[in-house]
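>>> generate coordinates for the sequence data below:
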Amino acid sequence: MSFHSSIAVIGGTGKSGKYLVRHLLSRGFFIRMLLRNGSQSSIESSQLKLIRGDARDPKAVQELLDGAQAVISTLGQPKGEAPIFSDATRNVIDALHFLKISRYILTTGISVDTPLDLKKGYTAAATEWMKLNYPDTTIDKQREWELLQGSNLDWTLVRLPLIELTEEKKEIKLSLADCPGEKISAASLATFLVNQLLDETYIRQAPFLFNE
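The predicted structure is shown next:
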């Protein structure tokens with residue numbers, strides 16, 4: 001992957017997604033961004049192409065990815081709707097296979113479990129709280145990880161604590177087993193996600209990302 005590649009972005013109008021889009025643009029990437037009907041983008045750039053549609057629509061996802069070299073998703077859960085994550089990722093996986101694209105970078109919560117986990121303290125408590133209070137969403141996010149595991153893609157699933165909406169770039173810490181830090185800045189997250197386009201360290205892994 002080189003700079004000036006075209007990157008498909010899902011969730012680019014969300015709270016953390018806006019930081020991602022700005023960071024991609026500042027690094028010289030071209031962006032194909034999925035814009036849900038009724039949503040608007042506050043960012044304008046000649047490097048940005050908007051594709052109207054929903055991540056749960058296979059045709060919209062394939063149109064989004066056509067011409068891209070990779071996809072990054074910071075998709076959030078729409079309020080009052082059924083869980084969206086596994087449907088969206090299933091559509092992305094199908095489109096990536098069809099278009100012969102391999103790199104898929106996406107974010108999720110710390111409640112997702114993997115065989116490498118040694119969750120304790122905050123991470124274990126937060127995971128159990130999510131399972132108790134948001135069972136459908138938690139199950140769906142776990143199903144998303146299972147879909148990734150079953151694919152042959154070069155995916156990276158980034159597990160996150162609370163996102164601080166700040167441009168402050170703090171030291172990034174990572175672990176494949178636990179998340180002792182309770183926060184990650186949106187700017188730090190954006191930096192890490194974009195760096196993964198050129199870094200193979202966490203391919204087919206689900207690192208926890210945190211600052212403190």
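>>> from now on I want contacts and neighbour counts done on CA atoms only, so please keep to that.
Noted.
>>> quick one: the helices in the protein?
Using DSSP state H, the helices of the chain run over 17-26, 58-65, 85-99, 121-133, 135-150, 186-195.
>>> so what does the shortest one touch, helix or strand wise?
Pointing back at helix 58-65 there. Contact here means 3 or more CA pairs under 8 Å, 6 or more residues apart in numbering; DSSP states H and E; on that basis helix 58-65 packs against strand 30-35, strand 48-52, helix 85-99.
>>> of all the ones you listed, which lies closest to E200?
helix 85-99 (17.9 Å; CA to CA).
>>> now the closest one against helix 135-150, angle please.
Compare the direction of helix 85-99 with that of helix 135-150 by axes from the mean of the first three to the mean of the last three CA atoms, to 10 degrees and you get 20 degrees.
>>> before we move on, back to that, columns distance to R159 and mean neighbour count on top of the helices of the chain, output as JSON lines?
Shown next, in JSON lines, are those (distance: least, CA to CA, whole Å; neighbours: other CA atoms under 10 Å):
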{"stretch": "helix 17-26", "distance to R159": "15", "mean neighbour count": "20"}
{"stretch": "helix 58-65", "distance to R159": "23", "mean neighbour count": "21"}
{"stretch": "helix 85-99", "distance to R159": "14", "mean neighbour count": "19"}
{"stretch": "helix 121-133", "distance to R159": "11", "mean neighbour count": "15"}
{"stretch": "helix 135-150", "distance to R159": "11", "mean neighbour count": "17"}
{"stretch": "helix 186-195", "distance to R159": "11", "mean neighbour count": "21"}
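>>> contacts only, for the spatially most central residue of the chain.
For the chain, the residue nearest the mean C-alpha position is L106 (2.4 Å; CA atoms, centre = their mean). Going by CA atoms under 8 Å, 6 or more residues apart in numbering, L106 touches I72, S73, T74, L75, W155, T156, L157, V158.
>>> quickly note the distance from the closest residue to E164 other than its chain neighbours to I72.
Nearest residue to E164 in three dimensions, chain neighbours excluded: S185, at 4.5 Å (CA to CA, 6 or more residues apart in numbering). S185 sits 18 Å away from I72, going by CA to CA, to the nearest Å.
>>> for the chain, what are the low-confidence residue spans?
1-4, 38-39 (pLDDT under 70).
>>> so what's the residue count around Q205?
18 (other CA atoms under 10 Å).
>>> my guess is it meets W155, correct?
Yes: if you go by CA atoms under 8 Å, Q205 and W155 touch, sitting 7.3 Å apart.
>>> that older thread, out of the contacts of L106, name the two that are farthest from one another.
For the contacts of L106, and using CA to CA, no pair is farther apart than L75 and W155, which are 15.3 Å apart.
>>> for the helices of the chain, which one sits closest to R36?
That would be helix 58-65 among the helices of the chain, by CA to CA, at 9.8 Å.
>>> now the closest one - C-alpha only, CSV.
Included here for helix 58-65 are C-alpha records, laid out as CSV according to Å, rounded to 0.1, in the frame of the first residue of the first chain:
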residue,chain,number,x,y,z
PRO,A,58,-24.5,-5.3,-0.2
LYS,A,59,-24.8,-3.2,-3.4
ALA,A,60,-23.9,0.0,-1.6
VAL,A,61,-20.9,-1.7,0.0
GLN,A,62,-19.7,-3.1,-3.3
GLU,A,63,-20.0,0.3,-4.9
LEU,A,64,-18.0,1.9,-2.0
LEU,A,65,-15.2,-0.6,-2.3
